[in-house]
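Colleague: Let's see this in three dimensions:
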Amino acid sequence: MPVADQAGPRAGAADLPSLDRLLGTPELHAAVADFGRTQVTAALRRDLDECRTAALAGTLPSDALRPAAFGERIKTGLTERNRATLRPVFNLTGTVLHTNLGRALLPEAAIESVVQALTTPANLEFDLATGGRGDRDDLISPLLCELTGGEAATVVNNNAAAVLLMLATLAKRREVVVSRGELVEIGGAFRIPDIMTHAGAKLVEIGTTNRTHAADYRNAIGEKTALLMKVHCSNYEVTGFTKSVDVSEVVEIAKPHGVPVAVDLGSGTLTPLERWGLPHETTVQETIAAGADLVTFSGDKLLGGPQAGMIVGRKELIARIKKHPLKRALRVGKLTLAALEPVLRLYRDPDHLPERLTTLRLLTRTRAEMAAQAARLVPVLAKSLGDAYTVTAAPMVSQIGSGALPVEQLPSYGLAIAPAGGGKRGSGRALATLEAALRGLPYPVIGRIADQTLWLDLRCLEAQDEMRLSLQFEELRA
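Modeller: Residues are numbered from 1 along each chain as shown. Here you go, the predicted structure:
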């Protein structure tokens with residue numbers, strides 16, 4: 001809405017140009033070329049209505065009626081209106097697998113495969129050997145079986161869907177035994193008991209929050225028992241006076257009764273992480289080797305691939321799951337499969353995984369590398385912020401995120417920003433203002449506020465993006 005300068009000349013309603021006249025000016029021709037006549041016409045009508053309202057109120061500056069002014073307003077408004085809603089951001093939160101920021105970043109091999117699937121026909125459900133209809137799961141199930149030791153595999157759109165499909169197939173109107181200490185709630189208030197209910201299964205809770213014994217599983221098995229289920233403790237860890245039962249022991253309890261054992265690993269990894277100095281996380285292979293009949297896990301967490309939910313395990317159980325009507329509703333499309341296959345193939349060569357798998361590369365970055373980046377970025381940001389804030393390079397800690405290894409921290413380095421003066425009064429408002437300004441940049445910068453400081457953790461800033469971040473810091477001056 002144009003606002004009049006108190007000392008400048010005002011325009012009246014009679015001074016407003018017609019819509020057709022404006023559309024014929026060179027300034028609006030340029031807007032039509034960029035955004036199309038339909039959008040420009042609608043935007044002009046809105047702008048003229050606002051100008052008329054301002055003119056009747058006596059607040060419309062005469063300069064607002066110049067064709068160049070109309071052209072600038074229309075261009076600015078339509079540029080914002082047509083800006084993509086899903087936008088790239090700098091993840092400087094310190095959380096590598098940040099659920100709200102898209103979790104795992106795909107490696108180059110997966111990106112190339114997705115581009116090819118986007119632009120060419122592919123054998124999604126076509127058997128090239130026989131010329132007949134194929135099964136889309138066959139594109140990745142042999143790889144999943146090879147890497148996990150499972151007899152068969154299938155894939156759906158996320159791990160919650162995998163658990164839902166498994167329960168709906170094998171436990172409808174029957175009982176599923178789960179330890180109370182494993183009744184997790186994942187992001188968005190999705191809870192294991194709720195998934196059980198919607199799958200038509202009856203939850204049988206055993207043990208207590210902190211202690212569950214083998215006898216609890218034995219005593220819970222009855223005629224209506226469909227599954228004994230273990231669930232990975234995502235986002236938290238029970239410590240202190242605790243007791244849980246290993247998968248292998250649960251398998252031995254279930255065997256005499258012919259009851260399958262299912263394990264929801266949540267994050268799921270296909271290789272031991274400790275070889276790269278990371279904390280140990282139970283792998284899918286270890287779980288299958290321990291005797292689990294079915295294992296579900298995610299594709300976009302520690303695996304480092306696209307959003308997907310995998311189910312691996314016994315052939316006859318997977319076959320039943322694939323025949324359930326929900327399988328078609330929850331199936332993945334060609335883009336997911338195009339991204340997932342090359343990611344899985346990377347695991348055939350674990351020696352080169354850190355340089356080829358983006359997630360692992362970010363998790364294994366050295367603090368020295370990030371400290372060097374921080375030293376280069378401090379003067380750039382300090383110059384843009386001026387005297388209002390102090391910027392220092394500082395050690396900090398990152399986390400893996402998305403429920404994986406929830407209490408483990410990774411040594412990191414980044415930028416610590418505090419209001420100048422060192423006092424606490426007004427610091428919260430000043431930091432919130434700066435945090436919002438960083439989020440409002442053309443390429444938004446996302447950090448975190450804690451302890452009267454805005455922290456910009458550089459763990460997820462790769463070398464090729466450092467210059468772009470510097471340019472965004474310089475934008476703050478505007």
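
Colleague: all contacts plus neighbour counts: C-alpha atoms, from now on.
Modeller: Will do.

Colleague: Give me the buried stretch members for stretch 371-390, please.
Modeller: Residues 371, 373-375, 377-378, 380-382, 384-385, 389-390 are the ones in stretch 371-390 that count as buried (16 or more other CA atoms under 10 Å).

Colleague: now the strands for the stretch 51-200 of the chain?
Modeller: 90-91, 152-156, 175-179, 185-186, 190-191 (DSSP state E, counting those that start in this stretch).

Colleague: one step back: now, the buried residues of stretch 371-390 that are in helices?
Modeller: Those of those mapping onto helices are 371, 373-375, 377-378, 380-382, 384-385, per DSSP state H.

Colleague: Using TSV, lay out those together with distance to Leu170 and pLDDT.
Modeller: Below are these laid out as TSV (distance: CA to CA, whole Å; pLDDT from 0 to 100):
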residue	distance to Leu170	pLDDT
Ala371	52	97
Gln373	52	98
Ala374	53	98
Ala375	56	97
Leu377	55	97
Val378	57	97
Val380	59	96
Leu381	57	96
Ala382	60	95
Ser384	60	94
Leu385	59	94
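
Colleague: Just give me the closest of the residues you listed to Val184.
Modeller: Ala371 (36.8 Å; CA to CA).

Colleague: Quick check: closest non-adjacent residue to that closest one.
Modeller: Spatial nearest neighbour of Ala371, chain neighbours left out: Tyr413 (5.4 Å); criterion: CA to CA, 6 or more residues apart in numbering.

Colleague: Let's have the buried residues of stretch 371-390 in TSV, adding distance to Leu144.
Modeller: Shown next, in TSV, are the buried residues of stretch 371-390 (distance: CA to CA, whole Å):
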residue	distance to Leu144
Ala371	38
Gln373	38
Ala374	40
Ala375	43
Leu377	42
Val378	45
Val380	46
Leu381	46
Ala382	49
Ser384	50
Leu385	50
Tyr389	51
Thr390	50
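
Colleague: Show me what the helix or strand that contains Pro354 is packed against.
Modeller: Using DSSP states H and E, Pro354 sits within helix 353-356. Under the contact definition 3 or more CA pairs under 8 Å, 6 or more residues apart in numbering; DSSP states H and E, helix 353-356 sits against helix 358-363.

Colleague: And for the residue nearest to Ala69 when sequence neighbours are not counted, the neighbour number?
Modeller: In space, not counting the residues next to it along the chain, Ala69 is nearest to Asp63; the distance is 7.3 Å by CA to CA, 6+ apart. A count of nearby residues for Asp63, using other CA atoms under 10 Å, gives 16.

Colleague: pLDDT score for Asp63?
Modeller: Note on Asp63: pLDDT of 92.

Colleague: what does Gly266 give?
Modeller: 86.

Colleague: Please apply the same query to Ala388.
Modeller: What the model reports for Ala388 is a pLDDT of 90.

Colleague: doesn't Ala13 make contact with Ser62?
Modeller: No - counting by CA atoms under 8 Å, Ser62 does not reach Ala13; the two are 10.8 Å apart.
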